[in-house]
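S.K.: Turn this into a structure:
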Amino acid sequence: MSEQVELAVQNLEKEEGWCSLPYYCTEGFPTIGFGFKIGKKDDPLPEITMDKSVGIGKLRALCDGLDHQFMNDKRTYAIYSDANPVRKAVLINMAYQIGFVGLMNFKQMWAALGAKNYKLAGAECLDSLAAKQTPARWKRNAQMIITGEIA
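M.R.: Below is the predicted model of the structure:
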């Protein structure tokens, strides 16, 4: 595993927390483990459990997949490949929460990252619905984008 994937996994373990039993996320989706959606909004919760080792494996695989997606997308390749592992891990974290497509909508953040204007890129992280829904998490993300260091 790459350094950024390992950093993203460690960060997401803290941010998402662990639950071996199904629960409803704040948006009303059945969820389990480290925030894995397991059904449609307001579906009944299934009677299942997930072993934490399985959850960590799934989390690693998802983060590795996002890392590859950033490296294989011509819109993000140059910016992502030039970023340090902490900034890459933050981008993986953000895409994990809002999806790769959702993160692509942060056009001003991507432009600021491309210009290596990390202060502006961090500010752009905070100008989003996700930042309003989970403000402490996105403030940490913005801080790591700005400094390039684990917060």
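S.K.: Near residue 128, how many residues? Count them for me, please.
M.R.: By the other CB atoms under 10 Å criterion, the neighbourhood of residue 128 contains 17 residues. Yep, even glycine has a C-beta here, placed from its N, CA and C like the rest.
S.K.: lowest-confidence helix or strand of the protein?
M.R.: helix 129-133 (a mean of 92; mean pLDDT, DSSP states H and E).
S.K.: So what touches it?
M.R.: For helix 129-133, contacts defined as CB atoms under 8 Å, 6 or more residues apart in numbering pick out 26, 94, 97-98, 102, 125, 138-139, 142.
S.K.: can you check stretch 113-128 too?
M.R.: Contacts with stretch 113-128, where a contact means CB under 8 Å, 6+ apart, come from 78-79, 83, 87, 94, 98, 106, 108-109, 112, 131, 138-139, 141-143, 145-148.
S.K.: What segments of the protein are strands?
M.R.: Assigned by DSSP state E, the strands in the chain fall at 19-24, 30-33, 36-37.
S.K.: Could you check how far the first one is from the centre of its chain?
M.R.: With CA atoms, centre = their mean, to the nearest Å as the basis, strand 19-24 stands 19 Å off its chain's centre.
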